[in-house]
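**Q** sequence first, predicted coordinates after that:
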Amino acid sequence: MAFDGITTACLARELSDRLTGGRIYKIAQTERDELVLTVKPTAERGGGQVRLCLSASATLPLAYLTDKNKPSPLQAPAFCMLLRKHLQNARIISVTQPGLERILRFETEHLNEMGDLCRHTLVIELMGKHSNIILLAPASSAASTPDATAATPQATAAPAAASAPSAASQEIIVDSIKHISAMVSSVREVLPGRPYFVPETRGKRDPLEESRDAFEATMRSRQTPPARLLVETYTGISTEMAEELCFRAALDNDRSASSMSDEDLDSLWQSFQSLIGDVRTAAFAPAIYYHRDDTPAGYAAVPMRMYGDYRSEAYTSISALLEDYYAKRSDAARIRQKSADLRRIVQTILERDVHKYDLQLKQIKDTEKRDKYRVYGELLNAYGYSIPAGADSCEVDNYYTGEKLRIPLDPTMTAAQNAVRYFDRYTKLKRTNEALTKLTEEVKAEIDHLESIPLDLSTTEGDLQQIRQELVDSGLIRRHGKDKIQPGGKAGKGSGQYGKAGKGSKGNKGTSRTPASKPLHYISSDGYDIYVGKNNTQNDTLTFHFAAPDDIWFHANDMPGSHVILCAKGQKMDDIPDRAFEEAASLAAWYSAGRDQGKVEIDYLLRRNVKKPGGAKPGFVVYYTNYSILAPTDISALREADAAH
């Protein structure tokens, strides 16, 4: 379901009811394109404090109220500092939405350094890749505000492709979380000192102000399916909402709008008016709709009759709905973006090492003929007296095999000199083979290490920090001056509670407070806790610092994979149900390089019998006695715990 104007209208109403009159207590920029404002609402509107998350992500722009806090940089970015200057302790006068645009405006007032009452507007535009968060000031006050004019020259006229507001109501951009120059957009510049306006390049109309005559004229004007025509004509109407309107009007969306009868047109108008009436009266009913397999089919701020046969989950708050529907997806998208650099580094080094390894194997193969040169030298020393001077070859008896052997010769050298030449070649190839054998072992070990780094399992900043630290410790990437990596705390051995991440220390300015990095936690069908490491460092911690000696350790045989721990709860191995072993083995199979094979051979044994050699890479262990099980990679029957044990 798209984040459309109807959803924005519902969100604007909720934010207005909760935040109007409240004061902005804290401002944090948790991501490059995300803000979290801590607001203290008035007692009449519930009191306490809430967090307003505003994200201008190009992939998933969002705005919602939440109780959860997010880690933020120890040193705030420039835009965050500017907002703290103008909006810290400001009172929110109103939260509005212009028409049905995907835009929210937070009107605020505060006292400046001189004690004068000032007004600023914080705008978030939820428009996909064009999303932005912009701080505005009235044109009259912005002229005397250094922040609005210091970064750029005098504001220029608005482009002709958009309708700018009148001079009396014009607002000036103080700054924005994303700067958009004329080189990026020919429609509108978003830079300090420029006038602010909402582009109107598509010529869409506001459905809140639509008349019946104009609606009917539009529907009869084009041979386009009615749902598509509604999306192309009106602001804030998504494809799903247009299909819902056609469903309410009992219209076949395969026919063109111009072929509709008067009755069909009247039915569509009534459905349209009913929806707009719900928006005007704030008759919202947020809900998520699910398929039979419990995968989300979509969500909406108003009842969706076309999802009548689907299971629905009603929400009293659109913020709670958006957080449940989008939050995990948004976090996963951000982790993927942040892991892109690490993924590129690992892939580049891996490709280089594989190429180097192939060349070294080829060179080692070339050295395999070295013994032939040694034999040539020995035979020339033995039969040299019988070889005439100036001969380019000779045929002698090979006393190693009893066969005749022809030896190429340099006619400018004597037999003894040719023997020395062959011995020199043999010695050189022998040294080359010894050196390459050692280098090849080192490169192969590095390849195995790189292939064992599971970036796809990272779900938090802490996971990425552990992988980054592992690469630094291995010498694969360099540690830069200010990029000091925060360690992730220690876990008690066999304590049953995974360690917490540190909050950083003094002198680490500019780094973020790293969240805890915890293993995946599953509950077996019989109630046993099963933990899965998400990276090599976590595998070591899970196996040697978290698991008890009598817990059961699982790993895929002879391939990269996660360490899996089945907590024995003090029981002996024979007392644990077979199903728990099978489920833990399936997790080890799923979180391994053999995931796509369907079934994987899994080794398991008591954790006390797993050893780590001195100086071994993270995640590398040895064991000598184990059991084996052929486990399927299907883990659909297992449920992941909400929190670590």
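**A** Alright, I've got the coordinates.

**Q** name the element Leu65 belongs to?
**A** strand 62-66 (DSSP states H and E).

**Q** need the residues that contact stretch 80-91.
**A** With CB atoms under 8 Å, 6 or more residues apart in numbering as the test, stretch 80-91 has contacts from 21-25, 27-29, 35, 37, 76, 108-110, 118, 120, 122, 135, 147, 174-175. The way it works is simple: take the backbone N, C-alpha and C, and place the C-beta from them, glycine included.

**Q** using CSV, write out every CA atom in the one helix or strand Thr541 maps to.
**A** Secondary structure from DSSP H and E places Thr541 in helix 536-541. The C-alpha trace of helix 536-541 is given here as CSV (Å, rounded to 0.1, in the frame of the first residue of the first chain):
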residue,chain,number,x,y,z
ASN,A,536,32.3,-14.6,13.1
THR,A,537,32.9,-12.4,16.1
GLN,A,538,29.5,-13.2,17.5
ASN,A,539,30.1,-16.9,16.7
ASP,A,540,33.2,-16.8,19.0
THR,A,541,31.3,-15.0,21.7
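
**Q** check which element follows it along the chain.
**A** Next along the chain after helix 536-541, taking DSSP H and E as the criterion, comes strand 552-556.

**Q** which strands and helices sit next to that next one?
**A** Counting contacts by 3 or more CB pairs under 8 Å, 6 or more residues apart in numbering; DSSP states H and E, strand 552-556 packs against strand 564-566, helix 578-590, strand 599-606.

**Q** so which elements touch the helix holding Thr541?
**A** Contacts defined by 3+ CB pairs under 8 Å, 6+ apart place helix 536-541 against helix 461-473.

**Q** packing partners of the helix it packs on?
**A** Looks like helix 461-473 contacts helix 318-338, helix 340-366, helix 536-541 (3+ CB pairs under 8 Å, 6+ apart).

**Q** His110: how many residues sit nearby?
**A** His110 has 18 neighbouring residues, counting by other CB atoms under 10 Å.

**Q** do the one 3 residues further on as well
**A** By the other CB under 10 Å criterion, the neighbourhood of Glu113 contains 7 residues.

**Q** tell me the pLDDT at it?
**A** Here, the pLDDT recorded for Glu113 equals 82.

**Q** next one: the one 10 residues further on
**A** Each residue has a pLDDT score; the one for Val123 is 96.

**Q** check which helix or strand covers it.
**A** Using DSSP H and E, Val123 falls within strand 117-125.

**Q** ok, and the closest non-adjacent residue to Asp17?
**A** Arg45 (6.8 Å; CB to CB, 6 or more residues apart in numbering).

**Q** ok, Asn381 - contacts?
**A** By CB under 8 Å, 6+ apart, Asn381 lies in contact with 416, 419.

**Q** so that it lines up with my notes, have the first residue be 9 from now on.
**A** Happy to do that; since the first residue is 9 now, the last one works out to Asn389.

**Q** list the buried residues for the host helix or strand of it?
**A** Counting by DSSP H and E, the element that carries Asn389 is helix 378-391. Applying a neighbour-count criterion of 16 or more other CB atoms under 10 Å, one finds 378, 381-389, 391 buried in helix 378-391.

**Q** swap in stretch 561-580?
**A** 561-565, 568-576.

**Q** circling back to that earlier point, the strand holding Leu73 versus strand 125-133: what angle between them?
**A** If you take axes from the mean of the first three to the mean of the last three CA atoms, to 10 degrees, strand 70-74 sits at 120 degrees to strand 125-133.

**Q** got the CA coordinates for strand 70-74 in PDB?
**A** Taking C-alpha atoms only, strand 70-74 is exported to PDB below (Å, rounded to 0.1, in the frame of the first residue of the first chain):
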ATOM      1  CA  LEU A  70       7.900   8.000   7.000                       C
ATOM      2  CA  ALA A  71       6.500  10.100   9.800                       C
ATOM      3  CA  TYR A  72       5.000   8.600  12.900                       C
ATOM      4  CA  LEU A  73       4.800   8.800  16.700                       C
ATOM      5  CA  THR A  74       6.800   6.200  18.700                       C
END
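
**Q** parallel or antiparallel, which strands does that strand pair with?
**A** Strand 70-74 has the following strand partners under DSSP bridges: strand 58-63 (antiparallel).

**Q** which residues does Glu218 contact?
**A** 242, 280, 284.

**Q** just to revisit the earlier point, figure out which of the helices and strands packed on strand 560-564 is closest to Thr422.
**A** When those are compared by CB to CB, strand 607-614 sits nearest Thr422, at 62.0 Å.

**Q** how's the protein carved up into domains?
**A** Under the assignment automatic domain parsing, the domains of the chain span 13-204, 215-343, 350-459, 504-509+525-648.

**Q** who wins for proximity to Ile485 among these?
**A** Going by CB to CB, the one of the domains of the chain nearest Ile485 is domain 350-459, 5.9 Å.

**Q** mind giving me the packing neighbours of the strand holding Val131?
**A** Short answer (3+ CB pairs under 8 Å, 6+ apart): strand 125-133 packs on helix 86-95, strand 111-119, strand 140-146.

**Q** re the thing from before, mean confidence score for the helix holding Asn389?
**A** Mean per-residue pLDDT for helix 378-391: 91.

**Q** cool, stretch 577-595 as well?
**A** 92.

**Q** do the same with stretch 34-41
**A** On average, stretch 34-41 scores 92.

**Q** for it, which positions count as buried?
**A** For stretch 34-41, the neighbour count (16+ other CB under 10 Å) marks 34-39, 41 as buried.

**Q** the strand holding Val131 pairs with which strands?
**A** Using DSSP bridges, the strands paired with strand 125-133 are strand 111-119 (antiparallel), strand 140-146 (antiparallel).

**Q** and the longest one with helix 86-95, angle?
**A** I take that to be strand 111-119. Using the same axes, to 10 degrees, strand 111-119 lies at 60 degrees relative to helix 86-95.

**Q** buried ones in strand 111-119?
**A** Buried, per 16+ other CB under 10 Å, within strand 111-119: 111-116, 118.
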